[in-house]
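[1] Mind looking at a prediction? Sequence and model below.
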Amino acid sequence: MSKLFRDRTMPALCPFCRAEVRRPVEVEGGEWYDFAAESCTCGAVFALDPTARNGGAVFLQALLMAADGDMDRAMGLGEGVDYDVDYVKKYNSELHRLEPNSFGTLYFVRLRALAGD
Ligand SMILES: [Zn+2]
């Protein structure tokens with residue numbers, strides 16, 4: 001029984017490079033940074049929406065962090081042109097794993113310039 005339960009969780013992987021991501025942490029130094037966030041070794045930045053209700057704000061934070069905190073720059077970037085977005089759902093922040101009954105969503109933003117153009 002306990003083995004079956006464990007098998008229902010999976011590590012949270014970066015949708016861009018498939019590496020296992022680090023646990024999101026509180027972000028210091030920005031009035032816009034309300035959500036826990038981290039970055040991936042591939043250059044993607046991600047932020048955690050713990051409730052699945054804050055999507056727009058969480059995405060905006062990830063985008064702003066990807067733009068080094070420069071709001072003007074962030075607003076001037078175009079999805080699919082300057083950056084790509086992806087999501088990881090069913091994230092459980094206590095387990096730091098994906099779990100079928102969890103509602104957390106990780107919003108990923110990766111600038112295309114970082115991928116080497
Ligand atoms: Zn990555």
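    Arrived safely. Numbers count the residues shown, from 1 in each chain.
[2] C-alpha from now on. contacts and neighbour counts both.
    Fine.
[3] how about the residues of this structure near the ion?
    Within the chain, the residues that sit near the ion (Cα under 5 Å from the ion) are 14, 17, 40, 42.
[4] contacting residues around the first one?
    Same thing as Cys14. Neighbouring residues of Cys14 by Cα atoms under 8 Å, 6 or more residues apart in numbering: 20-21, 40, 108.
[5] low pLDDT regions in the chain?
    Residues of the chain meeting the criterion pLDDT under 70: 1-7, 114-117.
[6] ok, for the residue nearest the centre of the chain, nearest residue in space, not its chain neighbours?
    Residue closest to the average C-alpha location in the chain (Cα atoms, centre = their mean): Phe46, at 2.3 Å. Of all residues not flanking Phe46 in the chain, Phe108 sits nearest, at 4.3 Å (Cα to Cα, 6 or more residues apart in numbering).
[7] which residues does the one you found bridge with?
    Beta-bridge partners for Phe108, by DSSP bridges, are Phe46, Asp86.
[8] Show me which residues of the longest helix along the chain are buried.
    In the chain, assigned by DSSP state H, the helix with the most residues is helix 55-66. Across helix 55-66, burial judged by 16 or more other Cα atoms under 10 Å covers 55, 57-66.
[9] Please apply the same query to stretch 46-53.
    So for stretch 46-53, counting by 16+ other Cα under 10 Å, buried means 46-50, 52.
[10] Check those residues against the ion and report the nearest one.
    Nearest to the ion out of the buried residues of stretch 46-53 is Phe46 (Cα to the ion; 9.5 Å).
[11] For the nearest residue to Cys40 once chain neighbours are set aside, give me its contacts.
    In this structure, Cys40 finds its nearest non-sequential neighbour in Val21, 6.2 Å apart by Cα to Cα, 6+ apart. Val21 makes contact with 12-14, 39-40 under the criterion Cα under 8 Å, 6+ apart.
[12] for Val27, same thing?
    33-37.
[13] Highest neighbour count among those residues?
    Ranked by neighbour count (other Cα atoms under 10 Å), the contacts of Val27 have Ala37 at the top, with 24 neighbours.
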